[in-house]
Structures are given as structure tokens and as C-alpha cells.
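Engineer: I would like to see how this sequence folds:
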Amino acid sequence: MRRIGVLAGFVSMILVAGLLAGTVACSSKSPSSSSPPQSSQAPGSIVVFAAASLKPAFTKISQQFKTDNPGSGVDFDFGGSADLATQLTQGATADVFASADTAQMDKVTKAGLLAGNPTNFASNTLVIVTAAGNPKQVGSFGDLRKPGLSVVICQRPVPCGAATQRLEDSTGVHLNPVSEELNVTDALNKITTGQADAGLVYVTDARSAGDKVTTVNFPEAAGAVNVYPIGALKKAPQPTLAQKFVALVTSDAGQNILAQFGFAKP
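Structural biologist: Residues are numbered from 1 along each chain as shown. Next up, the predicted model:
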């Protein structure tokens, strides 16, 4: 009789343990059943590869974009258009590409990376910048050949460097720069920090530098204007937001912001 009682007690313990395990198992499933659906999550951020000269204007445009698309954001990678195009063709992931000339956009297009045709949205022209007050009295493109004058330009593959090359070819004035930079922002920095006497940058960059530089316009620059194209990328992680950003840049609102920073119509 004692053995039967012990056995019955043991069976009762097993049954209780089983009931407890079932209760725990049921409770462990409840969080997944109450988790929010995918559609309720924030839209997310887009990554925009953009020419360095676009930084001030695009930063302001992104503020409007976030207002128009609550919960979204914009992460920028600003740099030389040639470098950005190379990154994309080598597998870098982004949602939008905005180039400072059509040549770099053509590389991305030919690689089959765009979701559609690019759209030209702005243009920019080269100017000469010098230290404030123009102490070296630079007054023309030809003056950049003055003896003892240290000049900085962009590297040739970069759009501002390609435009400089076109100017040299059309005028016959070939420069001897002390430095060739990877992007126009770095070229401007050489002037504002006193590392060079004069340089070739875009009118928008000269404008952003304010009274740190003196701007010298020259007529030959009209023959080397750069047109800026933009496009959403085919493998964009956020394709809908990418298209919305492109639409904003090319809209009247986007064009007005670009004009505030000195960009002209394409």
C-alpha cells in the first residue's frame, strides 16, 4: 500500500509539472502575437550620394524632405562625383545619386544602376577665388599663370577638374597647379586656409565662403558650365522615398532652394 501511495504521488507531480510547462510555453508565445505589423514601422532613411558642391543646398532640401515625409531621414555621402560613381559601380549601396556633371552619371547609367533616366536639375560655373582682398591682383584666367602664384584646382576625373581641363584646352592657357584636389570643397579650403593664392571652384562654393575669399569672374567660364543630373538607384533600399527625394529636388520648392545657394537652371 505504501508503494502505491508513493507511485500515485509521483504521477501527481508529473501532471503538475506538465501543466506548468504548458503555461510557460503559452506565455512565451504571447509577445510575438502582440508585436506591431511591419507597416506600422517608421519609413526609414535614404542614403544620398551627392557631389561635394551640393552640400549646403541639399542639407536644406533634406529638412524640407523630412517635413514632407514624417519619420524619414536623409543620410548624405558628399564627395567628388568621380569617386562616388566608382563606389557605386563597385557595389556601394545608396538610394540616390546626384552628380556634378553628366559624365559621371553616364558611368552609373551604363553600369545599369539607375532605376530610370536621370534628370538634370541644376548647373554651375567655375570662378576664380583668391584670398580676401585679392592681394595677388588676379583679374583673369590668364593671370593664373603669373610667376610665383600658387594655384589649386580639382583633379581631372572630378567634374570641376574636367571643366578646368576644357577651359585650358579652349583658351590655350595651361596651368601649373601646386595641388589638385579630390573635390571642390578641398580646393576651396586651400584658399581659405592660406595654402594657395588662387583656385578654381564653382560659383556656389565661392558664395558659401563669403568674405573669406574674393571672387573673380571671367568670361571664358561660360564655355565650361557643368550640368548636374540626379537619379534614383535601381537597388535602392528605400525606392519610394528615393523617388520622392528626386521629385523634391526637381520641384519648384527644390529649385528655389538651389537658387538660394547660387545654382542656375540646367
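Engineer: Quick check: Asn256 vs Glu180, distance?
Structural biologist: Note on Asn256: its distance to Glu180, by C-beta to C-beta, to the nearest Å, is 34 Å. For glycine as for every other residue, the C-beta is placed from the backbone atoms N, C-alpha and C.
Engineer: That should have said Ala232, apologies.
Structural biologist: 32 Å.
Engineer: which residues in this protein form strands?
Structural biologist: 44-51, 72-79, 96-98, 119-124, 126-131, 151-154, 179-181, 198-202, 213-216, 226-232 (DSSP state E).
Engineer: Report the helix or strand with the lowest average pLDDT across this protein.
Structural biologist: helix 2-34 (a mean of 39; mean pLDDT, DSSP states H and E).
Engineer: ok so, going back, name the residue in Asn256 and Glu180 with the higher neighbour count.
Structural biologist: When Asn256 and Glu180 are compared for neighbours, Glu180 comes out ahead with 16 against 9, by other C-beta atoms under 10 Å.
Engineer: ok, that one touching Pro157?
Structural biologist: No. If you go by C-beta atoms under 8 Å, Glu180 and Pro157 don't touch, sitting 10.2 Å apart.
Engineer: What are the boundaries of the helices in the stretch 151-266 of the chain?
Structural biologist: Counting by DSSP state H, counting those that start in this stretch, the stretch 151-266 of the chain has helices at residues 159-171, 184-192, 203-209, 239-250, 252-260.
Engineer: Among those helices, which comes closest to Ala82?
Structural biologist: helix 159-171 (7.5 Å; C-beta to C-beta).
Engineer: ok, the closest residue to Val178 other than its chain neighbours - contacts?
Structural biologist: Setting aside the residues directly before and after it, Val178 is nearest to Ser150 in space (C-beta to C-beta, 6 or more residues apart in numbering), at 4.6 Å. Shown in contact with Ser150 (C-beta atoms under 8 Å, 6 or more residues apart in numbering): Val178, Gln195, Ala196, Asp197, Ala198.
Engineer: All set now, cheers.
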